[in-house]
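Visitor: This is a predicted model, with the sequence first.
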There are 4 protein chains.
Amino acid sequence: MSKQVQVVYHSGYGHTERQAKAIAEGIDAEDGVGATLVPVDELADTEAPAWAMLDSADAIVMGGPTYMGSVSAALKQFMEASSARWMEQRWAGKLAAGFTTSGSQNGDKQNTLLQILTFAAQHGMLWINLNQLPGNNSSSGSVEDPNRLGASLGAMAQANIDEGPDVAPPAADLETARRFGTHIAACVKRWH
Amino acid sequence: MSKQVQVVYHSGYGHTERQAKAIAEGIDAEDGVGATLVPVDELADTEAPAWAMLDSADAIVMGGPTYMGSVSAALKQFMEASSARWMEQRWAGKLAAGFTTSGSQNGDKQNTLLQILTFAAQHGMLWINLNQLPGNNSSSGSVEDPNRLGASLGAMAQANIDEGPDVAPPAADLETARRFGTHIAACVKRWH
Amino acid sequence: MSKQVQVVYHSGYGHTERQAKAIAEGIDAEDGVGATLVPVDELADTEAPAWAMLDSADAIVMGGPTYMGSVSAALKQFMEASSARWMEQRWAGKLAAGFTTSGSQNGDKQNTLLQILTFAAQHGMLWINLNQLPGNNSSSGSVEDPNRLGASLGAMAQANIDEGPDVAPPAADLETARRFGTHIAACVKRWH
Amino acid sequence: MSKQVQVVYHSGYGHTERQAKAIAEGIDAEDGVGATLVPVDELADTEAPAWAMLDSADAIVMGGPTYMGSVSAALKQFMEASSARWMEQRWAGKLAAGFTTSGSQNGDKQNTLLQILTFAAQHGMLWINLNQLPGNNSSSGSVEDPNRLGASLGAMAQANIDEGPDVAPPAADLETARRFGTHIAACVKRWH
């Protein structure tokens, strides 16, 4: 039977949704693993079926925009709604990973990934890091390199603040996300 | 004229409110500086008078409970509501400080302080650290020592999960908060 | 064939060594997994046999004292000496975990764990979180509870600054470390 | 009498030294404030005169390269050598700030700034954030914008791994550093 990965995300303007979809594509590209996109709205009610799917997932990947230096309140509300499951450690032993988008190159995205990671740690989950060397870090590099932003704890994307989700984040960041998805799927298969 | 410090806080069950009040007491204990407690609900509407008071404050102190490893969504919503002010850097050059309460001794409170601090950094504010050596770190130490939790970036308090705000956080953590308030007030007076 | 876990550590006064040994005991308690303690001195020369053992390990667990808010320079030197392996991503896909000791209850140990974790992330490793609910967080709790310090990213221990490694860290922190070791070993067995 | 700022730095290949010099230039550009560059080697002996200058400084600015996700061991050794001063809280009430350089755009520089900041917090110092809005975050932005990297906790610079300190970090990052220096000097003047 196929392994299941739930990709929980919040997206304010559609940029983070594009990143989430690229991760899901990367996961689906691996045989035997399937991704489900879960907009955070579907988790507003803790009795909703989307919660049961999280409970049975092999891995939970979570992401949202970095707003004012940390994860959006909308994604944080999902985290808080998981507290009954945390007390039972119902998700312990699953795999987890994270992603985030913001307007600036750095923009404190590191904090957001740390925040998601710490949440996963409290749930007793294992954390899948990005597993990509940095791009765009030499004279022959460019902004078209995968992992051009030089992330390590998860996937980062940058979307210009005056551009819609049709053009931002750029292809390099979506490719980074796709590769990350494939890495996540490969990890899920290695985890028994 | 007196210097003004606004103490913005969210409190789910009253424990963080006790910490906020202790900080305010510590601030008020210093001549020439006055504290105002601002429950985060008063900031739900960005046209509310409480926002104007933040704009004119000498320092903004912020705190909330650590839920699932980071600051409560309720305090985060306030942070996001400040984004128009951020774009104008209207708060740049003010002083800032932070505090948090959680049920466990450590409980990832460090992340919450880092998150508040990063928010203050994005606003161009200066950060006032706790300025207290750790207590309860030797054979003659006890849980009654100020800064018994060994914080550095701001004030931490711990409230047992089965105790109401009438008894938790304990006196040591409230004294830590009070001293921190007095330090904040002294810094405000040194800042021209 | 048995799975191998290398426990790399620096210990200034012996306290962190006790924690490292407790983790190794916990690992060895699980059938089919063996731990090797690697004092950081054995890694001073990158041609030393201890490096080859890291290269072939299934998991690398790393720890050191928290000095002045982050990992000791001695452990950091080991991290820097790994940079050639990082460029080849030779450790990618291994499991990793971290631990630290300091004199105060909190004492910025979170930073140290984050620092070790980020190092593991750069190497493309997966991170094993502590997987223990916090102890000593209710009126019936005590300092004898496992995970009394309420850590999540790895194992924390606290050693009174006037006590030698014969008595500090206390039994609760060593038990926390032991359980963490057993969890690490169980994860190694689930990882193919 | 002029206010004094000590700029303590470690530089492996000269890139961080260029950043340190740019910060010092920015400080010196402000009337009534003078900067002294202090290579970390001068602090190897805690009896060296450079330590006495730190003791009498109005502000201490610290920086180093980000190696393997955190501050270089060489800068960390300086931090550890300050522990006797920490016990006396001899630096409490001074201002502090931080900077770092690494090869990749992000490259976990956030961790390094957090590490320096936490060190300053333990010493009871106040932290001066970068105070610059992010550049290069819109369709009209470019890599020549000040704060092109979108930092907030301090100054970040990026130096291509195949370029010497004659050309890297680029002008934008040195200008960011210079402006940060001027902001630091202005803060020192506001602090009594």
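Guide: Great, that's in hand.

Visitor: So stretch A:22-31, near chain C or not?
Guide: No: for a cut-off given as C-beta under 8 Å from any C-beta of the partner chain, stretch A:22-31 has no contacts with chain C; the smallest distance is 14.8 Å. Glycine gets a C-beta too; all of them are placed from N, C-alpha and C.

Visitor: What is the longest helix along chain A packed up against?
Guide: Of all the segments of type helix in chain A, defined by DSSP state H, the longest one is helix A:171-190. Contacts defined by 3 or more C-beta pairs under 8 Å, 6 or more residues apart in numbering or on different chains; DSSP states H and E place helix A:171-190 against strand A:3-9, helix A:15-28, strand A:33-39, strand A:59-67, strand A:95-102, strand A:126-128, strand A:155-158.

Visitor: Please identify the buried residues of the second one?
Guide: With burial defined by 16 or more other C-beta atoms under 10 Å in any protein chain shown, the residues of helix A:15-28 counted as buried are A:15-24, A:26-28.

Visitor: Most widely separated two among those residues?
Guide: The two members of the buried residues of helix A:15-28 with the most space between them (C-beta to C-beta) are A:15 and A:28, at 20.8 Å.

Visitor: sorry, back to before: now flag whichever of the buried residues of helix A:15-28 is closest to chain B.
Guide: The closest of these to chain B turns out to be residue A:16 (C-beta to the nearest C-beta; 14.5 Å).

Visitor: got a list of what that closest one touches?
Guide: Contacts for residue A:16 (C-beta atoms under 8 Å, 6 or more residues apart in numbering or on different chains) come out as A:9, A:10, A:63, A:64, A:65, A:99, A:100, A:101, A:157.

Visitor: With respect to chain C, which of the residues you listed is nearest?
Guide: Closest approach to chain C among the contacts of residue A:16 (C-beta to the nearest C-beta): residue A:99, at 13.6 Å.

Visitor: who in chain A is up against chain D?
Guide: Residues of chain A lying near chain D (C-beta under 8 Å from any C-beta): A:69, A:102-111, A:134-141, A:148-152, A:156, A:158, A:160-163.

Visitor: so where does the nearest residue to residue A:170 once chain neighbours are set aside fall, helix or strand?
Guide: Excluding the flanking residues, the one nearest residue A:170 by C-beta to C-beta, 6 or more residues apart in numbering or on different chains is residue A:143, at 7.1 Å. Per DSSP states H and E: residue A:143 is located in neither a helix nor a strand.

Visitor: My guess is residue A:152 contacts residue D:66. True?
Guide: No: Residue A:152 is beyond contact range of residue D:66, at 11.1 Å (criterion: C-beta atoms under 8 Å).

Visitor: shared neighbours of these two, which are they?
Guide: Shared contacts of residue A:152 and residue D:66, defined by C-beta under 8 Å, 6+ apart, comprise D:107, D:108.

Visitor: Next, work out how far apart the most far-flung residue of chain A relative to its centre and chain B are.
Guide: Within chain A, the residue lying farthest from the chain centre (C-alpha atoms, centre = their mean) is residue A:139, at 29.8 Å. Per C-beta to the nearest C-beta, to the nearest Å, residue A:139 is found 31 Å from chain B.

Visitor: A strand includes that residue, no?
Guide: No: in this structure, residue A:139 is coil, not part of a strand, as judged by DSSP: H, G, I helix; E, B strand; the rest coil.

Visitor: can you pull the contacts of it?
Guide: Residue A:139 makes contact with D:160, D:162, D:163 under the criterion C-beta under 8 Å, 6+ apart.

Visitor: Name the SS class of the last one, please.
Guide: So the one you mean is residue D:163. At residue D:163 the chain is in coil, as set by three-state DSSP.

Visitor: Those residues of chain A touching chain B, which are they?
Guide: By the rule C-beta under 8 Å from any C-beta, the part of chain A lying against chain B is A:67-74, A:76-77, A:79-80, A:82-83, A:86, A:108, A:111, A:114-115, A:118-119, A:121-122.

Visitor: Are any of those buried, and if so which?
Guide: A:67-74, A:76-77, A:79-80, A:82, A:86, A:108, A:111, A:114-115, A:118-119, A:121-122.

Visitor: Now, the residues you listed that are in helices?
Guide: Going by DSSP H, the helices hold A:73-74, A:76-77, A:79-80, A:86, A:111, A:114-115, A:118-119, A:121-122 from these.

Visitor: Can you lay out those residues as TSV showing distance to residue B:187 and pLDDT?
Guide: Formatted as TSV, these follow (distance: C-beta to C-beta, whole Å; pLDDT from 0 to 100):
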residue	distance to residue B:187	pLDDT
A:73	29	98
A:74	34	98
A:76	30	98
A:77	34	98
A:79	33	98
A:80	33	98
A:86	37	98
A:111	25	97
A:114	28	98
A:115	28	98
A:118	29	98
A:119	33	98
A:121	34	98
A:122	33	98
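
Visitor: Which residues are in contact with the residue nearest to residue A:170?
Guide: Going by C-beta under 8 Å, 6+ apart, residue A:143 touches A:136, A:170, A:172.

Visitor: same thing but 10 Å
Guide: Neighbour list for residue A:143: A:105, A:135, A:136, A:149, A:158, A:170, A:171, A:172, A:173, D:105, D:143 [criterion: C-beta atoms under 10 Å, 6 or more residues apart in numbering or on different chains].

Visitor: residues near residue A:192, how many?
Guide: The number of residues packed near residue A:192 is 7, by other C-beta atoms under 10 Å in any protein chain shown.

Visitor: Ok, residue A:4 next?
Guide: 18.

Visitor: Please apply the same query to residue A:87.
Guide: Residues near residue A:87, counting by other C-beta under 10 Å, number 10.

Visitor: Equivalent analysis for the one 10 residues further on, please.
Guide: Residues lying near residue A:97 (other C-beta under 10 Å) number 32.

Visitor: which non-adjacent residue is nearest it?
Guide: Spatial nearest neighbour of residue A:97, chain neighbours left out: residue A:128 (4.2 Å); criterion: C-beta to C-beta, 6+ apart.
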